[in-house]
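S.K.: Sequence first, then the predicted structure:
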Number of protein chains: 2
Amino acid sequence: MIRFFAPALLATLLASTAIAADPPTTPAAVVSAAPADAWRAIAPEDLLVMTIEGGKHVVIQLAPAFAPRHVGNIRTLARAHWWDGTSINRVQDNYVTQWGDATEKKPMPTGLVPTSAADYVRSLANVRLAITPLSLPDAYAPATGYVDGWPMAMNGDAAWLPHCYGSVGVGRNLSPDAGTGAELYTVIGHAPRQLDRNIAVVGRVIEGMAHLSSLPRGSGELGFYTATERKIPILSVRLASDLTPAEQPRFEAMDVASSSFAAYLRLRANRKDDFYDLPAGGVDICNAPVPVRPAA
Amino acid sequence: MIRFFAPALLATLLASTAIAADPPTTPAAVVSAAPADAWRAIAPEDLLVMTIEGGKHVVIQLAPAFAPRHVGNIRTLARAHWWDGTSINRVQDNYVTQWGDATEKKPMPTGLVPTSAADYVRSLANVRLAITPLSLPDAYAPATGYVDGWPMAMNGDAAWLPHCYGSVGVGRNLSPDAGTGAELYTVIGHAPRQLDRNIAVVGRVIEGMAHLSSLPRGSGELGFYTATERKIPILSVRLASDLTPAEQPRFEAMDVASSSFAAYLRLRANRKDDFYDLPAGGVDICNAPVPVRPAA
């Protein structure tokens, strides 16, 4: 088989055939070779398991450190089984897949906290979180990098989660509404960074993304499904910590302070192998996602 | 209906209710309000019409000024009806949808010209093409902008088409192979700019993108469909110029030297309306696509 631009396959081949002392030459090979201490377990209370029609699972990692009020609401909604019986209502090409209560009449559980635009940005001034800088120009923010396992856009001490492919955000009405967390979307196209700091990013899809990105696009305004199009049923949404141990998915993310992650970033920006002739010499924050894998 | 982040809908509302003298406040409103002389017809010989299973049409605009040898081959292949009966063979999430001859045994038509890595980049030194600079930082190139209706990455006089969502490129074997143009792909995720100058970009999908982006992902290595998965049949691929006038699709692209395009770019970088509170102050080259519309 001709390997039409086959970086991942090459990575596998190179990783398996290289002499042990050779450093990995592709990002995928770095990930494969990363030692156990380069990985951090993701807490079960930070994992949201959504089961849609056909029993397909989508796993979302929540970011409580950067969106604490919205994430608190999302946990409350999951524990109330609020999303069970709701649906995926909107799929707009090169933009978002969005889900929630299509009727907009479902009663909310008690205990939701109010949110505001202040929740879109966190100050890093008084938190002891290491920053792994990307040190490359970005059209949207003075600085980008990685903090506590997440990609980050920054301006001085102010930090926010950027809208990247697979990012999960909170739908809202017109400003100043900042959304409860009941209406969620994920990015299925090129990073719509204009949404940064205009809407809350609360997490990222870490498994089952294709179940959301390959859905039929809606033909209505903004990609909403019309009355004649079928919404995709959501069977249940649970926190992994509320599942039985046997049911719980387990994932780990690469430590962004590890030497493996540094090597990964370096190679994401500088591919040079049997396929890549000319290293780009750069990479943008949304094109170097933090590696995540199922835990052993 | 609650309009969870509804920029395009708002654009429509604002455009229709604004006093005539008010300048449009959203990119979509600028596009709607652009006068006839802000548009340039796309030549029929630059339009490739691919019809896939179910009679679904995908229209690709070719870029002969920037990939002349590959585009020449693609026209030769289309005129030979070479793609008829081939298939879409690979769909890799957040990366590409790829099509061509899955058997890799179909004889090539005569008249194909050889290609090389020199075809990935064009010099703008001796061509009289105006550059509309984006004047914003890019992680992959010293400069970006728009030339002759296309997004462009640049380094001095050297210019190349960037890999953006919907860009169409030429699959190839390991370097130094540069591909004939028979094996094509389009980007269905975040811009994989590491491929820039490592592979030939030859055009962009301007209609029917969702037919390619919403296909089931392949479960094989690199997203190739496995033996048990169904490849998507390609019924025909034709140049619009080889269709009857009644069959020919007609499109026009916004003139990148027009004041409408300047206003569009300004607003893509600075959304501020009932929905957007905080203008980004920037935009990347792949997040401000050149507007294209069906011709009247």
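M.R.: Thanks, I have the structure now. Since this is a predicted model, take the numbers as computed values, not measurements.
S.K.: Return the residues in contact with the closest residue to A:Glu207 other than its chain neighbours.
M.R.: Nearest non-adjacent residue to A:Glu207, counting by C-beta to C-beta, 6 or more residues apart in numbering or on different chains: A:Val59, 4.0 Å away. Just so you know, the C-beta spots here come from the backbone N, C-alpha and C atoms, and that holds for glycine as well. Each residue near A:Val59 by C-beta atoms under 8 Å, 6 or more residues apart in numbering or on different chains is listed here: A:Leu47, A:Leu48, A:Val49, A:Met50, A:Val205, A:Ile206, A:Glu207, A:Gly208, A:Ala240, A:Pro249, A:Phe251.
S.K.: Let's have those in TSV, adding neighbour count.
M.R.: Below are the contacts of A:Val59 laid out as TSV (neighbours: other C-beta atoms under 10 Å in any protein chain shown):
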residue	neighbour count
A:Leu47	23
A:Leu48	25
A:Val49	22
A:Met50	23
A:Val205	25
A:Ile206	21
A:Glu207	18
A:Gly208	18
A:Ala240	21
A:Pro249	17
A:Phe251	20
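S.K.: what's the closest of those to A:Val96?
M.R.: A:Val205 (11.8 Å; C-beta to C-beta).
S.K.: A:Leu62 is in contact with the closest one, correct?
M.R.: No. Using C-beta atoms under 8 Å as the test, A:Val205 is too far from A:Leu62 to be in contact (11.2 Å).
S.K.: in the stretch 1-150 of chain A, which spans are helices?
M.R.: A:7-17, A:27-33, A:68-79 (DSSP state H, counting those that start in this stretch).
S.K.: If you count neighbours, what's buried in the last one?
M.R.: Right, helix A:68-79. Neighbour counts over helix A:68-79 (16 or more other C-beta atoms under 10 Å in any protein chain shown) mark A:Arg69, A:His70, A:Val71, A:Gly72, A:Asn73, A:Ile74, A:Arg75, A:Thr76, A:Leu77, A:Ala78 as buried.
S.K.: Can you list the neighbours in contact with it?
M.R.: A:45, A:48, A:62-64, A:83, A:109, A:111-115, A:119, A:170, A:179-182, A:184, A:200, A:202-203, A:237-239, A:242.
S.K.: any weak-confidence spans in chain A?
M.R.: A:1-21 (pLDDT under 70).
S.K.: if you set the cut-off to 50 instead, what comes out?
M.R.: A:1-3, A:5-20 (pLDDT under 50).
S.K.: per-domain residue ranges of it.
M.R.: A:21-40+A:254-291, A:43-250 (automatic domain parsing).
S.K.: if we compare the ones you listed, which one ends up closest to B:Val256?
M.R.: domain A:43-250 (17.8 Å).
S.K.: Show the end-to-end separation of that closest one, please.
M.R.: Start and end residues of domain A:43-250 are separated by 8 Å (C-alpha to C-alpha, to the nearest Å).
S.K.: ditto for stretch A:90-110
M.R.: Using C-alpha to C-alpha, the end-to-end distance of stretch A:90-110 comes out at 27 Å.
S.K.: Also stretch A:187-197?
M.R.: Using C-alpha to C-alpha, first and last residues of stretch A:187-197 are 15 Å apart.
S.K.: how far is it from where the chain is centred?
M.R.: Here the centre of stretch A:187-197 is set off from its chain's centre by 12 Å, with C-alpha atoms, centre = their mean, to the nearest Å.
S.K.: ok, now stretch A:41-56?
M.R.: 13 Å.
S.K.: what about it and chain B, any contact?
M.R.: No. Residues of stretch A:41-56 contacting chain B under C-beta under 8 Å from any C-beta of the partner chain: none, with a closest distance of 12.0 Å.
S.K.: spatially speaking, which residue is in the middle of chain A?
M.R.: A:Arg204 (2.0 Å; C-alpha atoms, centre = their mean).
S.K.: can you confirm that residue is in a strand?
M.R.: Yes. A:Arg204: assigned to a strand according to DSSP: H, G, I helix; E, B strand; the rest coil.
S.K.: distance of the residue in the stretch 151-296 of chain A that chain B sits nearest to from B:Asn94?
M.R.: Closest contact between the stretch 151-296 of chain A and chain B, by C-beta to the nearest C-beta, is at A:Gly171 (3.3 Å). According to C-beta to C-beta, to the nearest Å, A:Gly171 and B:Asn94 sit 22 Å apart.
S.K.: what about these two, which has more around it?
M.R.: A:Gly171 (25 against 22; other C-beta atoms under 10 Å in any protein chain shown).
S.K.: The more buried one against A:Tyr185, yeah?
M.R.: Yes. With contact defined as C-beta under 8 Å, A:Gly171 counts as touching A:Tyr185 (5.7 Å).
S.K.: give me the number of residues near the residue nearest to A:Pro35 when sequence neighbours are not counted?
M.R.: In this structure, A:Pro35 finds its nearest non-sequential neighbour in A:Ser260, 7.1 Å apart by C-beta to C-beta, 6+ apart. Neighbourhood size, A:Ser260 [other C-beta under 10 Å]: 20.
S.K.: can you tell me how far A:Ala269 sits from A:Val283?
M.R.: On the measure of C-beta to C-beta, A:Ala269 and A:Val283 end up 4 Å apart.
S.K.: what is in contact with those two at once?
M.R.: A:Leu136, B:Ala139, B:Gln194.
S.K.: who wins for neighbours among those?
M.R.: B:Gln194 (26 neighbours).
S.K.: for it, what are its contacts?
M.R.: A:Arg268, A:Ala269, A:Arg271, A:Tyr276, A:Ala280, A:Val283, A:Asn287, B:Tyr140.
S.K.: Pull the most distant pair out of the residues you listed.
M.R.: A:Tyr276 and A:Asn287 (14.2 Å).
S.K.: before we move on, back to that, of the domains of chain A, which is nearest B:Ala158?
M.R.: domain A:21-40+A:254-291 (11.4 Å).
S.K.: so A:Glu252 touches A:Trp39, yeah?
M.R.: Yes. If you go by C-beta under 8 Å, A:Glu252 and A:Trp39 touch, sitting 4.2 Å apart.
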